[in-house]
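1. got a predicted model here, sequence first, then my questions.
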Amino acid sequence: MLARLKASLADFGELILFGGETFAYMARPPWRVELLVQQMAAIGVGSTFIVAVTGLFAGMVLALQGNYAMRQFGAEGYVGGFVAISLFRELGPVFTGLMVTGRSGSAITTELGTMRVTEQVDAMESMAVNPVQYLAVPRVAAAILMMPVLAVVFSATGYFGGYLIGVHVSNIPPGPFIDHTKSMVEMHDILHGLLKALIFGGVVSIIASYRGFAATGGARGVGEATTRAVVASSVAILVMDYLITFAAIG
Amino acid sequence: MAMIDVQDLWKSFGDKEVLRGISLRVERGQTFVVLGASGSGKTVLLKHVIGLLKPDRGRVEVDGLEISRLQGRALTEARQVFGMVFQGAALFDSMTIFENVAFPLREKQRRIPFAELRGRVVESLRVVDLGEDILDSWPSQLSGGMRKRVALARALVADPKVVLYDEPTTGLDPITTDSVDDMITQAKERLGVTSMVISHDIASAFRVADRLAVLYDGRIAAQGTPDEVRRSDDAYVQRFLALWFEKQ
């Protein structure tokens, strides 16, 4: 039991060091812009559709639930503000983080893990190329840059879905729906959500890259690494979400 | 001055002593084979030569540089003298053959003009008897033997002084093994590179080696030209070689 705890702490320490190494290499040339753009396309553009669909339905269900709860107080007009605040502050970054974990985080671990167990990472090192700088840096930087964009896509389509359901199904007048959104949502709400998304982008991609590099054995080892990466990233997103929210509004 | 000079190298992992006082010299332009059974410590020795592991005691010099003491950027730069061919070829499977072979050059000279890059990739493939027709292929489309050849082309493209081969013939059929042996000899003859081959394939070792060392239990049991090793009176070497000579 104690040995397992010790091993887990050592593993966590390694993860933190790996994150530090990745950021140190990020600040150091050579900067491989073409690899960054490739990864931004894979993580960002590639995830847009699934993030938008998830956002749309999240917004629609929020409007239904919001209307159901607020109708009891005759406050249906506030549904627009409720949907927008929920999306921008909370659901946008968290759901986007979880979707990117499932789609891109798992892909990063599988790809790097396969490269590790087939000696491609060693080959890179033998050619005087640092694998962390070549492989991890573009992925982490791309995730940090693209996650806020995806979170905005999620929240925007979510708000659109909420409007469709709120106005056209629940028959909330469009005027109060939009007016209360404007009066309730402020810039710091949006920044709060963007900051979360940015942090989640870094956390998910560092965990995924670290697990990939640490993979051992063959296909089974890569599979285990991917499972661990997805579980750890998902838990990390929810824990970080609480900590950031607590720090912001305590 | 020898190209690779290993002096009294010791390495342990936990309680297990893997290398116990290894000394060997690889002269320039020579093919040196380290022969040994699985677990004899030969891969650990190779990792010390390229600086992936640090010794507990002893030193490794490559081209006059003490690689066993270097770290960080100095070590990365020192590695530019090497080209390495991995056991499973280790081609980047997300890149075409052209991109694979071009990789070390692009990383070494980031502003290299495309025409020059292509010319050197084609030339490097020609050294290992491969044509331009495979440039746009993917590693998964090639046979095991061809992948090994591409791996050597990639190792040679940036003009290394030393090529390291990790078990180059493991898992290959006899005909492909022959062609990989030829490829090692051709790389030496055409380009004059120094080669260090780690292997447990006795037939192949005797075919390509100028000098060889037999590693047993972390020590060198015999070292010399193929003839000198064959005549060694070390009991392990005799037993190790007898198995193969009986088969012949």
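-> Cool, the structure landed.
2. can you list the buried residues in the lengthiest helix in chain B?
-> Using DSSP state H, we find that the single longest helix of chain B is helix B:174-191. By neighbour count, with 16 or more other CB atoms under 10 Å in any protein chain shown as the criterion, the buried positions of helix B:174-191 are B:176, B:177, B:178, B:179, B:180, B:181, B:183, B:184, B:187, B:188. Every residue, glycine included, has its C-beta placed from N, CA and C.
3. low-confidence ranges, chain A, go.
-> Chain A contains residues with pLDDT under 70 at A:250.
4. contact residues of it facing chain B?
-> By CB under 8 Å from any CB of the partner chain, the part of chain A that sits against chain B consists of A:30, A:111, A:114-115, A:118-120, A:122-130.
5. how near is residue A:177 to residue B:82?
-> 67 Å (CB to CB, to the nearest Å).
6. and the contacts of stretch B:116-135?
-> Residues outside stretch B:116-135 that contact it (CB atoms under 8 Å, 6 or more residues apart in numbering or on different chains): B:96-98, B:101-102, B:105-106, B:142, B:146, B:149-150, B:152-154, B:156-157, B:183, B:186-187, B:190-191.
7. ok, now stretch A:132-147?
-> By CB under 8 Å, 6+ apart, the residues outside stretch A:132-147 that reach it are A:18, A:21-23, A:25-26, A:28, A:30, A:32, A:35-36, A:38-40, A:42-44, A:47, A:93, A:96-97, A:100, A:104, A:108, A:112, A:115, A:121, A:124, A:197-198, A:200-202, A:204-206, A:208-209, A:213.
8. tell me which of these fall in helices.
-> Per DSSP H, helices hold the following members of the contacts of stretch A:132-147: A:18, A:21-23, A:25-26, A:35-36, A:38-40, A:47, A:93, A:96-97, A:100, A:108, A:112, A:115, A:121, A:124, A:197-198, A:200-202, A:204-206, A:208-209, A:213.
9. which of these are buried?
-> A:18, A:21-23, A:25-26, A:35-36, A:39-40, A:47, A:93, A:96-97, A:100, A:108, A:112, A:115, A:121, A:124, A:197-198, A:200-202, A:204-206, A:208-209, A:213.
10. give me the neighbour count for the closest residue to residue B:37 other than its chain neighbours.
-> In space, and not counting its chain neighbours, residue B:37 is closest to residue B:200: 5.8 Å by CB to CB, 6 or more residues apart in numbering or on different chains. Using other CB atoms under 10 Å in any protein chain shown, residue B:200 has 18 neighbouring residues.
11. ok, residue B:200 to residue A:165 distance?
-> For residue B:200 relative to residue A:165 (CB to CB), the value is 69 Å.
12. list the contacts for the residue most central in space within chain A?
-> For chain A, residue A:97 is the residue whose C-alpha lies nearest the centre (CA atoms, centre = their mean; 2.2 Å). Going by CB under 8 Å, 6+ apart, residue A:97 touches A:147, A:196, A:197, A:200, A:201, A:204, A:233, A:237.
13. if we go to 7 Å?
-> The contact partners of residue A:97, by CB atoms under 7 Å, 6 or more residues apart in numbering or on different chains, come to A:147, A:200, A:204, A:237.
14. residue B:138: which of those is nearest?
-> residue A:204 (29.0 Å; CB to CB).
15. might one say that the closest one is in contact with residue A:103?
-> No: checked against CB atoms under 7 Å, the pair residue A:204 and residue A:103 is beyond contact range at 10.5 Å.
16. show me which residues of chain B are close to chain A?
-> With the criterion set to CB under 7 Å from any CB of the partner chain, chain B comes near chain A through B:50, B:76-77, B:79-80, B:82, B:84, B:86, B:88, B:90, B:92, B:103-104, B:107, B:110.
17. ok, which pair from those is furthest apart?
-> The widest separation within the residues of chain B next to chain A (CB to CB) is 28.3 Å, between B:88 and B:110.
18. element containing residue A:143, please.
-> Here residue A:143 sits within helix A:137-163, counting by DSSP states H and E.
19. ok, and for that helix, which residues are buried?
-> A:137-159, A:161-163.
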